[in-house]
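Novice: Pasted the sequence and its predicted model underneath.
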Amino acid sequence: MDTVNSVFRDQRDPHLQVLQERSFSQAPSISGDGRLVAWQGARESDSCSDVYVHDRDTHETKCVTNHAPGLDAGEPRLSADGKALAFTVRPAQGMYSEVLVCRDGRCDVVSVNAKGEPADGRCGKPALSADGGVVAFEASAPNMGTFRTDVFVRDRKTGMTERVTQGNGDSSSAAISADGRFVAFHSTAPDLVAGDTNIASDVFVYDRVGRTTERVSVASGGKQANGSSMQPAISDDGRFVAFLSAAGNLTADADVAGTYDVFVHDRQTGETRRVNPPASENAAPQPDGMPPINWQCDHVSISGDGRYVAFTTSAPHLVDGDTNRVGDVFVHDVQAGLTARVSLDTDGSQLGGWSGHPELSSDGRYVAFQTLGVSDRPAIGFVRNVLSERLQEELQEEALRRINDVPGGKVVRENDFVDIGGVKVPVRR
């Protein structure tokens, strides 16, 4: 197992930004380029929460919900272009909740049925397409046609609401591709696909164009999981789906203890890969002399191209020097097989409190997360993805190596560049 830790500390500027610590802050979301970060923050005046958005360029933080009395807001999701924001609202004393999407200074209720009527039940956990034009959400409402929890999609351009799941079980935690075509979710329903006999929650992808549902929490050969799978995240093109699973048969190195690990399924090749390495590969000795433990993972996020996967775990064996015995945020490079801990303090040292709920920007360069490591209250942290930084440097080095191999090479003009892997470097001829 390859790991990355202190080697890249000097390449991050800054190591950690704390965006808010004056109130209970959680559920971060990040725009595609990392400029905007949204989160849910508790008000000190009452038991309700507001939704905040921070602009890293202007350093301004705005309360989107304006501290509305008696209104509880949360679960914010930014679109990749940063122009749309979805979130859930409910009266502090009410049982119903709605999903709103705000764009260009206007907020609309999107948790509506096919007739355009607001849902008369509980709605939440929104997910947005890249431009915010399509929103997926979960709902349990009679006038939406369900007393269970099901996944719906609202196309804000056509004004159509589509029910994605109609199985004999609850479906939740929707994620959506950049163009809004593919919707990932987990469900306990055994009748969404043929041959689902594992009596466990599975992860599925619904194709809104082909009107098909595919189970993706399977082994590379298509064998169904022997444990529950949940919390999917999907790449921009819908090809890669990351998820948590307690199954012991998805990969050859899967755990059998029933703890949740992170996997990525390639819908094009059918391959399923484990992201977090087993403790047996590089386990730190336990103080009580017990065998290595396979620590549980949580909170999965994936970059737009599917290369990077962020997750939370308290496992101490993923990187050297992890001795804080609390949950940390890690990023794994699926292609290079590298793992880095990103929830570090401004000086590169480990945090003393739990960190989790990571959200990768779609370009994979930034990570927002929730942390207890910098304050006595939960705060929102923001860091660069050191693995992405390393990749950019390697691409530059490779480009320069190729150019310098040309006999008699020299820089013609300063504005002569070649684009190699998305990195512009001076051209030598």
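Specialist: Arrived safely, thanks for sending. These numbers were taken from a predicted model, which means no experiment stands behind them.
Novice: these two touch, right, residue 43 and residue 52?
Specialist: No. Taking contacts as C-beta atoms under 8 Å, residue 43 lies outside contact range of residue 52: 11.0 Å. Where you see a C-beta, it was placed from the backbone N, CA and C, and this is true even at glycine.
Novice: Looking at the two, which one has more neighbours?
Specialist: Shown here are residue 43 and residue 52; by other C-beta atoms under 10 Å, residue 52 has more neighbours (23 against 18).
Novice: how close does that one sit to residue 109?
Specialist: 21 Å (C-beta to C-beta, to the nearest Å).
Novice: give me the element the residue nearest in space to the middle of the chain is part of.
Specialist: Nearest to the geometric centre of the chain sits residue 301, at 2.3 Å (C-alpha atoms, centre = their mean). Using DSSP states H and E, residue 301 sits within strand 297-302.
Novice: Neighbouring strands of whichever helix or strand comes after that strand in the sheet, and parallel or not?
Specialist: Where DSSP H and E defines the elements, the next helix or strand beyond strand 297-302 is strand 308-313. Sheet pairing for strand 308-313, assigned by DSSP bridges, gives strand 297-302 (antiparallel), strand 328-333 (antiparallel).
Novice: For strand 308-313, give the mean pLDDT please.
Specialist: What strand 308-313 shows for mean pLDDT is 94.
Novice: Check what contacts that strand and list those residues.
Specialist: 233, 242, 262, 264, 275-276, 295-303, 327-334, 342, 355-360, 364, 367, 369, 385, 387-388 (C-beta atoms under 8 Å, 6 or more residues apart in numbering).
Novice: one more time with 6 Å, if that's ok
Specialist: If you take C-beta atoms under 6 Å, 6 or more residues apart in numbering as the criterion, strand 308-313 is touched by 242, 262, 275, 295, 297-302, 327, 329-332, 356, 358, 360, 364, 367.
Novice: domain assignment for this protein?
Specialist: Using automatic domain parsing, the domain parsing of the chain gives 2-394, 395-429.
Novice: taking those together, which one is wrapped up most tightly?
Specialist: Of all the domains of the chain, domain 2-394 carries the top mean neighbour count, a mean of 19, counting by mean count of other C-beta atoms under 10 Å.
Novice: just the strands in the stretch 1-150 of the chain please.
Specialist: 2-4, 17-20, 25-30, 36-42, 49-55, 60-63, 71-78, 84-91, 98-103, 106-109, 122-128, 134-141, 146-155 (DSSP state E, counting those that start in this stretch).
Novice: Relative to residue 207, which of those is closest?
Specialist: Residue 207 lies closest to strand 146-155 among the strands of the stretch 1-150 of the chain, at 11.6 Å (C-beta to C-beta).
Novice: got the angle for the closest one vs strand 84-91?
Specialist: Inter-element angle recorded for strand 146-155 and strand 84-91: 150 degrees (by axes from the mean of the first three to the mean of the last three C-alpha atoms, to 10 degrees).
Novice: who does residue 244 bridge with?
Specialist: residue 230, residue 262.
Novice: I'd guessed it sits against residue 260; true?
Specialist: Yes. In terms of C-beta atoms under 6 Å, residue 244 counts as a neighbour of residue 260; the distance is 4.5 Å.
Novice: what sits against residue 246?
Specialist: 227, 228, 258, 260.
Novice: can you check residue 306 too?
Specialist: 235, 240.
Novice: Same question for residue 135.
Specialist: Residue 135 neighbours (C-beta under 6 Å, 6+ apart): 86, 101, 110, 126, 128, 154.
Novice: Read off the pLDDT value for residue 351.
Specialist: pLDDT, residue 351: 85.
Novice: Quick check: phi and psi on it?
Specialist: phi -80, psi 150 (degrees, to the nearest 10).
Novice: what about it, distance to residue 262?
Specialist: According to C-beta to C-beta, residue 351 stands 21 Å off from residue 262.
Novice: Check residue 199 too.
Specialist: Distance from residue 199 to residue 262, by C-beta to C-beta: 23 Å.
Novice: Same check on residue 366?
Specialist: 19 Å.
Novice: Please apply the same query to residue 134.
Specialist: Distance, residue 134 to residue 262, using C-beta to C-beta: 26 Å.
Novice: Repeat that for residue 97.
Specialist: 29 Å.
Novice: With residue 223 instead?
Specialist: 19 Å.
Novice: Are we agreed that residue 387 is in a strand?
Specialist: No. Counting by DSSP: H, G, I helix; E, B strand; the rest coil, residue 387 is not part of a strand but helix.
Novice: Take the contacts of residue 135 and write them to JSON lines, including distance to residue 59.
Specialist: Formatted as JSON lines, these follow (distance: C-beta to C-beta, whole Å):
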{"residue": "86", "distance to residue 59": "24"}
{"residue": "101", "distance to residue 59": "26"}
{"residue": "110", "distance to residue 59": "30"}
{"residue": "126", "distance to residue 59": "27"}
{"residue": "128", "distance to residue 59": "25"}
{"residue": "154", "distance to residue 59": "33"}
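Novice: avg pLDDT for stretch 49-65?
Specialist: Rounded mean pLDDT across stretch 49-65 is 90.
Novice: so how far is it off the chain centroid?
Specialist: 20 Å (C-alpha atoms, centre = their mean, to the nearest Å).
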